[in-house]
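Peer 1: sequence and computational prediction follow.
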Amino acid sequence: MSPSIPELERQHRELQLPAAGLAETWRLGSLIVATALERTLPVAVDIRHGEQQAFHAALPGSSADNDDWIRRKAAVVRRFGEASYLVGERHRAGGRTFDLDPARYAAHGGSFPLLVRGTGMVGTVTVSGLPQLEDHLLVTECLARYLAER
């Protein structure tokens, strides 16, 4: 079942890390990869810290197309400051088409802002390889688990 817009907004408020340096980025990316490997998911995982690619992994079954999806989904997060799935859902709920250049932007689920409590967005966490809702759910599940394990 697809999360509602208020649920997606709640995720944005709650899935904020106390810190997000390169060590934390590595642990979060490794958690996503371990989860995907356990489930045999054909995904690529990417975490950007500012403009730096701080983590990237391509698992069996993923392809270069996933890297292009990651680039376009993360561009939506950088532009709007919210999850790519939330941006897409708002457009669909309002009966609007997402009309930014599809070669540069993809308002499809799977990219989430890397948020630090008290600071704001410092990067993006993106997964590609599954249907958009499943990409989004993998990212948000792992962010929640990462926070719970701290």
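Peer 2: Nice, I can see it.
Peer 1: for the rest of this, base every contact and every neighbour count on C-alpha atoms.
Peer 2: Will do.
Peer 1: name the SS class of residue 99, please.
Peer 2: Per DSSP: H, G, I helix; E, B strand; the rest coil, the local secondary structure of residue 99 is coil.
Peer 1: pull the longest strand from the chain.
Peer 2: Scanning the chain for the strand with the most residues, using DSSP state E, yields strand 120-128.
Peer 1: what's the first helix or strand after that strand?
Peer 2: Following the chain from strand 120-128 toward its C-terminal end, the next helix or strand by DSSP states H and E is helix 132-148.
Peer 1: report all helices and strands that that next one contacts.
Peer 2: Helices and strands touching helix 132-148, by 3 or more CA pairs under 8 Å, 6 or more residues apart in numbering; DSSP states H and E, are helix 22-38, helix 84-93, strand 111-116, strand 120-128.
Peer 1: closest one to residue 8 among the ones you listed?
Peer 2: Proximity of the helices and strands packed on helix 132-148 to residue 8 was assessed by CA to CA; the nearest stretch is helix 84-93, lying at 6.1 Å.
Peer 1: chain center to that closest one: distance?
Peer 2: Helix 84-93 has its C-alpha centroid displaced from the chain centroid by 14 Å (CA atoms, centre = their mean, to the nearest Å).
Peer 1: could you check the angle it makes with strand 111-116?
Peer 2: Between helix 84-93 and strand 111-116, the angle comes out at 130 degrees (axes from the mean of the first three to the mean of the last three CA atoms, to 10 degrees).
Peer 1: so which bits of helix 84-93 are buried?
Peer 2: With burial defined by 16 or more other CA atoms under 10 Å, the residues of helix 84-93 counted as buried are 84-90.
Peer 1: so for it, what's the average pLDDT?
Peer 2: Across helix 84-93, the average pLDDT comes to 96.
Peer 1: alright, that wraps it up for me.
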